[in-house]
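Undergrad: Using only what follows, build the 3D model:
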Amino acid sequence: MRTVLRWVVVTVVAIHGLIHLMGVAKGFGWARVSQLTEPIGTAGGVAWLAAAALVLTAAGTIALRARTWWLITAVAAVASQSVIATSWADAKAGTAANAIMLLAAGYGYAAHGPRSFQAEYTRRMRAALAEQSAQYGVVTAADLAHLPPPVADHVRRCGAVGQPRVANFRATIHGRIRSGPSKPWMPFVGEQFNTYGPHPRRLFHIQASMSGLPADVLHVYTDGAATMRVNVCSLLPIINAAGPDMDRGETVTVFNDLCVLAPAALVDAPIRWQVLDEHHVRGTFTHGGQTVSAVLVFNDAHDLVDFISDDRLRASPDGRSFTRQRWSTPIHAHRDLGPWRTCTAGEAHWHAPEPESEFAYLEYHLDDITYNTGIHQSPPTSHLTHDRYQGTEPGRVGQQRREPLHPSENRDVIDLHATLDQQLLHIPVGRGCSADTSAVAAVNAVCAGQAACSYSWRMPPRRSRRWMFRWAIRSGSVIGSGSGASGRAVAMP
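TA: Here you go, the predicted structure:
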């Protein structure tokens, strides 16, 4: 729905901008415009030209979802209305288009401006990253010894052994959600950021459509306290949930995220385990004064297939009250994404009493996930991998590394990954190197070429060729020139 409305506004604004050219033509005497009866003159033609340029620029920024499109659109509407006022009798109908532009700009400010949920999500994510240390060890087989066999196998199958410990993850998700078994489904897209360690956090920003209107949702869990806020059209707050019940329910969700999206972090999590049988293990998770438990269900291969908890609470439609209900998250798909085996599709169920009974209120698909976002560390020599892998759900196109995250509505989210200079690794390459070190050089050579091609795609051709030539000369043995004792390679972000 947001996309449809956006293109309707783009069409209206673009046509509005082109109509301004009639004033330009009359002002400069390029043509006789019978629709404009009042004199304009050369100075007026310049004013109409400037307004046309601003309005057409606004149409372009809306179409491209530029970060400050709302500001450019507001300025363009004011400029357009100023020239319309000079030819009011002939051009007053354009006021309607300017009103649409101002309404769109107001919504844009509320949805993407400094006081929006999106801006708060980004600020909180930056603050969480600033608190994290860059020193994280590698998960070893010995780290799994204290886990029950099904859980240990689950962690092992996810590819954690030999990889850096998971300090955080950042994921983009799409799906649909509803408030009851007879309620209509609402499509949504969302971005989630979780951190682990002494002060775990969970941030989840959702954009959905509610009865045809855009709705923004922000979940925040930090220091054991949780809130959930919902705004319609980014302006009208309809839910503001907080308190002990919300804290407890969100603690269950944090536990669920650990098991489903970041199983590698289970090795360090404050969880007590109890084996029920070969396929069922009870976990008791404690944080922030809350202790919650869940039963993890595994298949014969020890892939996690369900997570069932009686400690989560279902919020009322207005978010003011909560009712304890059984909650489960059956998992439908696992996929190997690079070295990681990740749960990529599933549901969330409420097990309500009659007449509702058990029903799915959430369906989700994982589009993209990044582990250890913003943390620079050398990869282990025996497992040379990227830290970011993208889902390949049918019909979903993966994003490039430094393009905004999928979905398109989230283009304004700021990419917090390390800059290029932070990704440069000095890898020794020469005689007497081990096979692992040679493998490091080989993988980084491939990554270097990928990075150079990606960078050249974003630069003008001449500048790109100059940059790549200079970079190749400086890169040493990785490219094939320079000393055989040292070289520079670019690690994938």
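
Undergrad: all contacts plus neighbour counts: C-alpha atoms, from now on.
TA: Will do.

Undergrad: Tell me which stretches of the stretch 101-250 of the chain form strands.
TA: Assigned by DSSP state E, counting those that start in this stretch, the strands in the stretch 101-250 of the chain fall at 168-177, 186-195, 201-210, 213-222, 225-232, 236-242.

Undergrad: Let me know the pLDDT of the residue lying closest to residue 25 once chain neighbours are set aside.
TA: Counting by CA to CA, 6 or more residues apart in numbering, residue 25 lies nearest to residue 31, which is 5.6 Å off, once chain neighbours are set aside. Confidence at residue 31, expressed as pLDDT, is 89.

Undergrad: What of residue 386?
TA: 33.

Undergrad: again, but for residue 2
TA: pLDDT for residue 2: 70.

Undergrad: List the residues that contact it.
TA: Applying CA atoms under 8 Å, 6 or more residues apart in numbering, we find residue 2 in contact with 209, 214.

Undergrad: Would you check how far apart it and residue 104 are?
TA: 12 Å (CA to CA, to the nearest Å).

Undergrad: Report the contact partners of residue 318.
TA: 238-239.

Undergrad: at 6 Å instead, please
TA: residue 239 (CA atoms under 6 Å, 6 or more residues apart in numbering).

Undergrad: coming back round to it: take the strands of the stretch 101-250 of the chain and write them to CSV, including mean neighbour count and distance to residue 82.
TA: Listed next are the strands of the stretch 101-250 of the chain as CSV, based on neighbours: other CA atoms under 10 Å; distance: least, CA to CA, whole Å:
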stretch, mean neighbour count, distance to residue 82
strand 168-177, 21, 43
strand 186-195, 22, 39
strand 201-210, 22, 35
strand 213-222, 20, 31
strand 225-232, 20, 32
strand 236-242, 16, 31
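
Undergrad: Please settle this for me: is residue 19 part of a helix?
TA: Yes. Using DSSP: H, G, I helix; E, B strand; the rest coil, the secondary structure at residue 19 is a helix.

Undergrad: For the residue nearest to residue 25, what is the enclosing helix or strand?
TA: According to DSSP states H and E, residue 31 maps onto no helix or strand at all.

Undergrad: sorry, back to before: would you turn the strands of the stretch 101-250 of the chain into a markdown table with distance to residue 300 and mean pLDDT?
TA: What follows is the strands of the stretch 101-250 of the chain, written out as a markdown table (distance: least, CA to CA, whole Å; pLDDT from 0 to 100):
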| stretch | distance to residue 300 | mean pLDDT |
| --- | --- | --- |
| strand 168-177 | 28 | 96 |
| strand 186-195 | 29 | 96 |
| strand 201-210 | 31 | 94 |
| strand 213-222 | 34 | 94 |
| strand 225-232 | 36 | 95 |
| strand 236-242 | 40 | 92 |
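
Undergrad: so which of these gets nearest residue 43?
TA: Across those, residue 43 has its closest neighbour in strand 213-222 (42.4 Å, CA to CA).

Undergrad: What helices and strands are in contact with the closest one?
TA: In terms of contacts (3 or more CA pairs under 6 Å, 6 or more residues apart in numbering; DSSP states H and E), strand 213-222 is packed against strand 201-210, strand 225-232.

Undergrad: As a markdown table, those with distance to residue 18 would be great.
TA: What follows is these, written out as a markdown table (distance: least, CA to CA, whole Å):
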| stretch | distance to residue 18 |
| --- | --- |
| strand 201-210 | 32 |
| strand 225-232 | 33 |
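
Undergrad: closest to residue 278 out of these?
TA: So among the helices and strands packed on strand 213-222, strand 201-210 is nearest, using CA to CA, at 31.1 Å.

Undergrad: what packs against that closest one?
TA: Contact here means 3+ CA pairs under 6 Å, 6+ apart; on that basis strand 201-210 packs against strand 186-195, strand 213-222.

Undergrad: Tell me the strands beside the strand or helix carrying residue 305, with direction?
TA: Residue 305 belongs to strand 304-309 when assigned by DSSP H and E. Its sheet considered, strand 304-309 pairs with strand 290-298 (antiparallel), strand 326-328 (antiparallel) by DSSP bridges.

Undergrad: what residues does that strand touch?
TA: Taking CA under 6 Å, 6+ apart as the rule, strand 304-309 contacts 294-298, 326-331.

Undergrad: so where is this protein shaky, pLDDT-wise?
TA: For the chain, the stretches flagged by pLDDT under 70 are 1, 134-135, 375-493.

Undergrad: where do the helices sit along it?
TA: In the chain, the helices defined using DSSP state H lie at 2-27, 41-64, 69-86, 88-91, 94-112, 117-130, 149-157, 244-260, 435-458, 461-474.
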